[in-house]
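Q: Sequence and predicted structure below; questions after.
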Amino acid sequence: MNAALSPRGHTLSIPSLTPLTYGRRRVLGGSTSGERGVVNVEPPKILCLPFVRGVSEGIERVCAPLELKAAFKPMRTLKQCLMRVKTTTPQDRRKGVVYEVPCKECNKCYIGETRRTLKVRLGDYKLAVKWGDPKNGIAVHAHESKHTVDWDEAKLRSSVSGYW
Ligand SMILES: [Zn+2]
């Protein structure tokens, strides 16, 4: 025990510190007398690599004298090869989408949202532009500025369904 003075002059006792040990401790089997010893054992360094038949065995042999443990994982599991949990819906059949429709002749871009597919919504816009619908933003821009809408570059920005 170490002793130190407190600011008021009283003696404080500070327990002696024991050094911290790092690494795994392993309790070894004792002798016939029942004693057990505690030995610090460093965790083995693990080298994690994809398994390649014919190469991995050699790597394991090379690693052994270096105190490295080689661990191999399959490059693709059978589950990954055989299972496809969810199929991705093609963009033109996706519903509940945010989309953008650019102008061919200026840098303006119309951004909208629909619960239907982009293809169906673009059909509405094409009719609106054709008939000059004054309530439709794309039709108004096309008619007022005499610009052409770039229908081929219309694309999805993100999906709305499942966002919340
Ligand atoms: Zn324009």
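A: Thanks, I have it.

Q: Please make it C-alpha for all contacts and neighbour counts, starting now.
A: Fine.

Q: Is residue 156 part of a helix or strand, or is it coil?
A: Taken by DSSP: H, G, I helix; E, B strand; the rest coil, the conformation at residue 156 corresponds to strand.

Q: Checking my notes, residue 58 in a helix, right?
A: Yes. Counting by three-state DSSP, residue 58 is found in a helix.

Q: tally of neighbours for it?
A: Residue 58 is flanked by 10 other residues according to other C-alpha atoms under 10 Å.

Q: and residue 111, backbone torsions?
A: phi -110, psi 130 (degrees, to the nearest 10).

Q: Next: residue 67.
A: Main-chain torsions, residue 67, degrees, to the nearest 10: phi 60, psi 40.

Q: Return the per-residue confidence for it.
A: Residue 67 carries a pLDDT value of 83.

Q: same deal with residue 115?
A: Value for residue 115, per-residue pLDDT: 93.

Q: so when I look at it, I'm seeing a strand, right?
A: Yes. The assignment for residue 115 is a strand, going by three-state DSSP.

Q: Not counting sequence-adjacent ones, nearest residue to it?
A: Using C-alpha to C-alpha, 6 or more residues apart in numbering and skipping the chain neighbours, the partner closest in space to residue 115 is residue 96 (3.9 Å).

Q: Now name the helix or strand holding residue 54.
A: Assigned by DSSP states H and E, residue 54 belongs to no helix or strand.

Q: Can you name the residue of this structure nearest to the ion?
A: residue 106 (4.2 Å; C-alpha to the ion).

Q: That residue - how many residues pack around it?
A: Residues near residue 106, counting by other C-alpha under 10 Å, number 11.

Q: likewise residue 87?
A: Residue 87 is flanked by 6 other residues according to other C-alpha under 10 Å.

Q: Relative to residue 128, how far out is it?
A: Distance of residue 87 to residue 128, computed by C-alpha to C-alpha, to the nearest Å: 34 Å.

Q: picking up where we left off before, how about the residue of the chain closest to the ion: what's its closest non-neighbour residue?
A: residue 147 is the one closest to residue 106 (C-alpha to C-alpha, 6+ apart), at 7.8 Å.

Q: With residue 60 instead?
A: The shortest distance from residue 60 to any non-neighbouring residue, by C-alpha to C-alpha, 6+ apart, is to residue 70 (5.5 Å).

Q: For the one you found, grab the count of nearby residues.
A: Around residue 70 there are 19 residues (other C-alpha under 10 Å).

Q: Mind listing what's buried along the helix or strand encompassing it?
A: Assessed by DSSP H and E, residue 70 sits inside strand 68-73. Using 16 or more other C-alpha atoms under 10 Å as the test for burial, strand 68-73 gives 69-70, 72.
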